[in-house]
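>>> Fold the following, please.
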Amino acid sequence: MSAFWSKIFSHEKKGEDNSHLDDVLKEMPIFEKLTRRELHAIIRILHKREFKTDEVIFRENEPGMGMYIIEQGKVAIVSESAKMQLTELSAGAFFGEIALLDAAPRSASAIAKSDCKLFGFFQPDLFGLIERNPQLGVKVVLGISRLVCERLRQTNKRAFAFNEALQQMKHPPQ
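This next block holds a predicted model:
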């Protein structure tokens, strides 16, 4: 494996203390229903990556490969097409999870706003997990599905509220 790819797909070294990671994962909606043993199976397939300030993690319109969990630092999610920052995330947050299910082009870019330590969970790792441990793989996929459903519900509520406010502005009460 080339040095470039080994950096991208490096697994945690044996003996490193990742005990804090089970607590971080347990707080994430995707993994909240997993047991400690199942969380450890996930931790074993995570890839640790470090990014310097202003380094691009991924770009809008690139194919999605997987999700990232922020261990340390800040990450900006940016719409380059709209030329605006959508949000800024910090330790314990995650992003890019839809790419675990769908390798469609990314809808936004992710850029390190400070030096960052991230854990990547990539689609090939999820598929391998599903092959080795179907029950755990299904739990993870269901966790992602629940999260996507909840975000869709929230988006629908916001769109409805926005539409209502717009209608009020067009036709104010007399």
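>>> centre of the chain versus the strand or helix carrying N156, how much separation?
Using DSSP states H and E, N156 falls within helix 134-170. Centre-to-centre, helix 134-170 and its host chain are 16 Å apart (CA atoms, centre = their mean, to the nearest Å).
>>> same question, stretch 55-70
In terms of CA atoms, centre = their mean, the centre of stretch 55-70 is found 9 Å from the chain centre.
>>> After the lowest-mean-pLDDT helix or strand in the chain, which helix or strand is next?
Every helix and strand of the chain was ranked by mean pLDDT, DSSP states H and E. The lowest is helix 3-8, at a mean of 40. Beyond helix 3-8 in the direction of the C-terminus, DSSP H and E gives the next helix or strand as helix 19-26.
>>> Going by neighbour count, list what's buried in that following helix.
Within helix 19-26, the residues scored as buried using 16 or more other CB atoms under 10 Å are L21, D22, V24, L25. For glycine as for every other residue, the C-beta is placed from the backbone atoms N, C-alpha and C.
>>> how close does the second one get to M67?
Just to be clear, that refers to D22. Using CB to CB, to the nearest Å, one gets 17 Å for the distance from D22 to M67.
>>> CA atoms of stretch 112-119 as PDB?
Coordinates of each C-alpha in stretch 112-119 appear next as PDB, following Å, rounded to 0.1, in the frame of the first residue of the first chain:
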ATOM      1  CA  ALA A 112     -10.600  21.600   9.000                       C
ATOM      2  CA  LYS A 113     -11.000  24.900  10.900                       C
ATOM      3  CA  SER A 114      -8.200  23.900  13.300                       C
ATOM      4  CA  ASP A 115      -5.800  21.000  13.500                       C
ATOM      5  CA  CYS A 116      -8.100  17.900  13.800                       C
ATOM      6  CA  LYS A 117      -8.100  14.300  14.800                       C
ATOM      7  CA  LEU A 118     -10.900  12.400  13.100                       C
ATOM      8  CA  PHE A 119     -12.000   8.800  12.900                       C
END
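>>> Now do the same for it: mean pLDDT, whole number.
Regarding stretch 112-119, the rounded mean pLDDT is 97.
>>> Geometrically speaking, which residue is the centre of this structure?
By CA atoms, centre = their mean, the chain has its centre lying nearest to F95, at 2.5 Å.
>>> could you list every residue that touches T87?
Residues near T87 by CB atoms under 8 Å, 6 or more residues apart in numbering: A76, I77.
>>> A strand includes it, no?
Yes - assessed with DSSP: H, G, I helix; E, B strand; the rest coil, T87 lies in a strand.
>>> Give me the neighbour count for the nearest residue to S145 once chain neighbours are set aside.
Leaving out its chain neighbours, the residue that sits closest to S145 by CB to CB, 6 or more residues apart in numbering is L101, at 8.0 Å. Using other CB atoms under 10 Å, L101 has 14 neighbouring residues.
>>> Okay then, goodbye and thanks.
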